[in-house]
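In: Only the shape, not the letters, is given here:
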């Protein structure tokens with residue numbers, strides 16, 4: 001196995017081009033290499049990809065005489081499955097969950113979501129793309145009767161230098177989450193077709209919704225809003241710019257026998273219209289797409305979070321509940337709280353934070369990689385001063 005030294009030690013599992021020294025000749029793109037520190041001591045095994053800004057993606061820090069990526073993946077997939085069973089996943093009430101959460105499950109560059117009898121594998125690394133057939137075989141060996149679908153974002157395919165030729169399926173699957181029913185279309189939509197990471201937050205919301213009016217902004221296919229209506233909310237308005245998401249939201253509402261006011265609109269524009277019409281809600285949920293995709297985009301992203309939150313706060317009734325979310329891994333909880341603080345000051349609202357939560361328990365993160373704790377949710381009561 002060929003060896004590569006780094007000059008600057010990484011803080012997490014990603015090693016960028018500027019951090020390494022000379023590269024030996026003959027290393028193929030996607031090859032597994034041994035990574036050493038600058039004194040030549042073993043550091044770990046990694047996937048090598050000179051096309052990507054992430055030139056080395058650490059797989060494991062554990063040394064092995066005959067390291068095999070296939071054997072390693074099988075071992076870790078079995079371990080991930082055992083962890084989910086400890087978390088009572090799947091269960092009679094929930095058959096949609098995250099089986100593999102990237103580095104949090106010691107599998108850097110891959111996530112796997114289970115939707116009933118489907119495994120949706122999202123690839124973030126060219127190295128895993130090369131062995132996707134082996135990954136499918138391992139999954140089918142572990143899970144009897146499982147179907148496997150591979151996906152990757154346009155950004156990943158461009159950055160990593162590969163192209164999946166998976167056909168968009170017409171396979172519609174009904175899933176259960178805490179007894180609430182959703183229909184997803186495998187191979188379509190953001191991420192893997194459904195956001196499993198908000199499962200526990202959606203359930204927690206149900207403690208507050210009885211006889212309340214609810215505004216769900218960036219609703220996607222209706223998660224928070226449908227939970228709210230099913231648990232007794234008097235009125236639910238769900239807003240999303242994506243036409244397909246709104247169409248699917250209506251379908252999901254029907255599956256649960258509830259009625260939701262589904263609005264296909266830009267959230268910024270819609271919030272301004274509501275403010276102009278002096279409309280307020282007992283509960284407002286703000287769950288935007290990732291607004292910070294790189295460190296270079298940090299300042300602009302923080303400004304967007306402030307702008308969104310200052311508008312949303314003006315829509316919360318005096319004494320109402322405000323649930324504000326960020327899925328930007330590069331934004332710390334402290335920085336997110338600070339953005340909300342600025343938004344509260346601008347909107348002249350008193351914001352009393354009573355709870356801070358993150359992703360559901362099937363999304364573990366490594367303690368030494370804070371970016372893995374990507375989802376931040378701030379729960380607060382809002383007073384008009």
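Out: All right, it came through fine. Everything numeric in this text was worked out from a predicted model, so none of it was measured. Numbering: from 1, shown residues only.
In: Look at residue 59 and give its secondary structure.
Out: Using DSSP: H, G, I helix; E, B strand; the rest coil, the structure places residue 59 in strand.
In: again with residue 209
Out: coil.
In: Name the next helix or strand following the helix or strand that residue 70 is a member of along the chain.
Out: In this assignment (DSSP states H and E), residue 70 forms part of helix 69-86. Note on helix 69-86: by DSSP H and E, the next helix or strand toward the C-terminus is strand 96-101.
In: Now do the phi/psi pair for the closest residue to residue 317 other than its chain neighbours.
Out: In space, residue 317 comes closest to residue 280 once its chain neighbours are excluded; the distance is 4.5 Å by C-beta to C-beta, 6 or more residues apart in numbering. Quick note: C-beta positions are derived from backbone N, CA and C, even for glycine. Torsion angles at residue 280 (phi, psi; degrees, to the nearest 10) stand at phi -140, psi 160.
In: residues touching residue 280, list them.
Out: 315, 316, 317, 320 (C-beta atoms under 8 Å, 6 or more residues apart in numbering).
In: For residue 348, see how far away it is.
Out: The gap separating residue 280 from residue 348 is 14 Å, by C-beta to C-beta, to the nearest Å.
In: try residue 337
Out: Distance from residue 337 to residue 348, by C-beta to C-beta: 18 Å.
In: Mind checking which of the two has more residues around it?
Out: Taking other C-beta atoms under 10 Å, residue 337 and residue 348 do not tie; residue 337 has more neighbours (16 against 11).
In: picking up where we left off before, how about JSON lines for the contacts of residue 280, with neighbour count and distance to residue 242 added?
Out: Formatted as JSON lines, the contacts of residue 280 follow (neighbours: other C-beta atoms under 10 Å; distance: C-beta to C-beta, whole Å):
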{"residue": "315", "neighbour count": "22", "distance to residue 242": "21"}
{"residue": "316", "neighbour count": "25", "distance to residue 242": "24"}
{"residue": "317", "neighbour count": "16", "distance to residue 242": "28"}
{"residue": "320", "neighbour count": "23", "distance to residue 242": "27"}
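In: can you give me the helices in this protein?
Out: 69-86, 126-130, 132-142, 154-160, 199-205, 223-230, 243-255, 267-276, 298-313, 333-347 (DSSP state H).
In: Go through those and pick out the most buried.
Out: Mean neighbour count (mean count of other C-beta atoms under 10 Å) peaks for helix 223-230 among these, with a mean of 27.
In: Report the inter-axis angle for that one versus helix 243-255.
Out: 20 degrees (axes from the mean of the first three to the mean of the last three C-alpha atoms, to 10 degrees).
In: could the helices of the chain go into CSV alongside distance to residue 359 and mean pLDDT?
Out: Formatted as CSV, the helices of the chain follow (distance: least, C-beta to C-beta, whole Å; pLDDT from 0 to 100):
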stretch, distance to residue 359, mean pLDDT
helix 69-86, 14, 97
helix 126-130, 22, 97
helix 132-142, 22, 97
helix 154-160, 20, 94
helix 199-205, 8, 99
helix 223-230, 13, 98
helix 243-255, 20, 95
helix 267-276, 22, 98
helix 298-313, 18, 98
helix 333-347, 12, 98
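In: Need those in CSV (columns: distance to residue 103).
Out: CSV is the format used below for the helices of the chain (distance: least, C-beta to C-beta, whole Å):
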stretch, distance to residue 103
helix 69-86, 11
helix 126-130, 13
helix 132-142, 17
helix 154-160, 15
helix 199-205, 21
helix 223-230, 25
helix 243-255, 28
helix 267-276, 31
helix 298-313, 21
helix 333-347, 19
